[in-house]
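Enquirer: Give the three-dimensional model of this entry:
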Amino acid sequence: DDGGQAWSPDGATIAFCSNRTERRDFNNLTDLWTVPATGGEPRKLTATKGPASSPAYSPDGKTIAFLG
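Expert: Next up is the predicted model:
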């Protein structure tokens, strides 16, 4: 259920979209997450009420645009 990944400009972080709800097979509640490129716990950035997709970092890496 993870997809739509994007690397930060400095290569330190990966943004991705994922549905990690309990009933993910029956809904489209996809959120934006980030995780360090070296591994670790993902961090949820959004609380959408629908699908999120296509993350893209700004050139300075300070913001992430996505469709939702």
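
Enquirer: what packs against the lowest-mean-pLDDT helix or strand in the chain?
Expert: Every helix and strand in the chain was compared by mean pLDDT, DSSP states H and E; the lowest is strand 2-7, with a mean of 93. Here strand 2-7 touches strand 13-18, strand 53-57, going by 3 or more Cβ pairs under 8 Å, 6 or more residues apart in numbering; DSSP states H and E. (C-beta placed from N, C-alpha, C; glycine too.)

Enquirer: Next, the buried residues of it.
Expert: Of all the residues in strand 2-7, those buried under the rule 16 or more other Cβ atoms under 10 Å are Gly4, Ala6.

Enquirer: roughly how far apart are Pro42 and Asp60?
Expert: 22 Å (Cβ to Cβ, to the nearest Å).

Enquirer: Same drill for those two, tell me which one is more crowded.
Expert: Each of Pro42 and Asp60 has its neighbours counted (other Cβ atoms under 10 Å); Pro42 has more, 15 against 9.

Enquirer: mind listing what that one touches?
Expert: Phe16, Ser18, Trp33, Thr34, Val35 (Cβ atoms under 8 Å, 6 or more residues apart in numbering).

Enquirer: what about 7 Å?
Expert: Trp33, Thr34, Val35 (Cβ atoms under 7 Å, 6 or more residues apart in numbering).

Enquirer: check which helix or strand covers Leu29.
Expert: Assigned by DSSP states H and E, Leu29 belongs to no helix or strand.
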